[in-house]
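*Asks:* got a structure for you, letters missing:
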C-alpha cells in the first residue's frame with residue numbers, strides 16, 4: 001500500500017494555494033497531483049484538517065461480527081464443528097461468508113479447531 005504524503009508537504013501546498021496560487025500551480029510546484037491539492041484544500045475547508053486518513057484495516061468484518069453470538073454458541077454446542085458446516089448454517093440465516101472470513105473471525109479470538117490430539121512420544125525416542 002502506498003504511504004501517505006507528509007503533513008508538512010500538505011501544509012506547504014495548502015499555504016501556497018491560500019497565498020494565491022491555483023491548485024494546479026501549487027501541485028506542480030511541490031510535485032504532487034492536482035487532484036491531491038484539490039482534495040487537501042476541500043478537506044481543510046470542510047473539516048479544518050489536512051491530516052491523512054487512517055489507511056488499511058478491516059472494513060468488512062461487521063457482517064460476521066454481527067453473527068458472533070450465533071457462531072460462538074454453535075461452537076460451544078458442537079466443539080468439533082467444521083468451518084464448512086458453520087458456513088452452511090450461516091447461509092441458512094441469510095449471511096453468505098467465505099471460509100477465510102470464518103477463519104479470521106476465529107483467529108481474532110484465538111479459537112482453533114484441532115481434530116487430533118498430539119501423538120505420545122515414541123518409546124524408543126532419545127530422552
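*Replies:* Received the coordinates, thanks. Quick caveat, the model's predicted, so the values are computed rather than measured. Numbers count the residues shown, from 1 in each chain.
*Asks:* only C-alpha atoms for contact and neighbour calcs from this point on.
*Replies:* OK.
*Asks:* Residues touching the longest helix seen in the chain, excluding its own?
*Replies:* Using DSSP state H to assign secondary structure, the helix with the most residues in the chain is helix 34-47. Helix 34-47 has contacts (Cα atoms under 8 Å, 6 or more residues apart in numbering) with 10, 13, 14, 23, 24, 26, 27, 28, 49, 50.
*Asks:* and the least confident helix or strand in the chain by mean pLDDT, what does it pack onto?
*Replies:* Here the helix or strand of the chain ranked lowest by mean pLDDT, DSSP states H and E is helix 62-65, holding a mean of 88. On a contact count with 3 or more Cα pairs under 8 Å, 6 or more residues apart in numbering; DSSP states H and E, helix 62-65 meets helix 99-108.
*Asks:* coming back round to it: any quick ChimeraX command for the buried ones out of the contacts of helix 34-47?
*Replies:* Applying 16 or more other Cα atoms under 10 Å to the contacts of helix 34-47, the buried members can be selected in ChimeraX as follows:
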select :10,13,14,23,24,26,27,50
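*Asks:* which of the contacts of helix 34-47 sit farthest apart?
*Replies:* Using Cα to Cα, the two most remote members of those are 28 and 49, lying 22.0 Å apart.
*Asks:* Strands along this structure, start to end?
*Replies:* Counting by DSSP state E, the chain has no strands to list.
*Asks:* Helices of that one, residue ranges please.
*Replies:* Going by DSSP H, the chain shows helices at 7-18, 23-30, 34-47, 62-65, 68-77, 83-92, 99-108.
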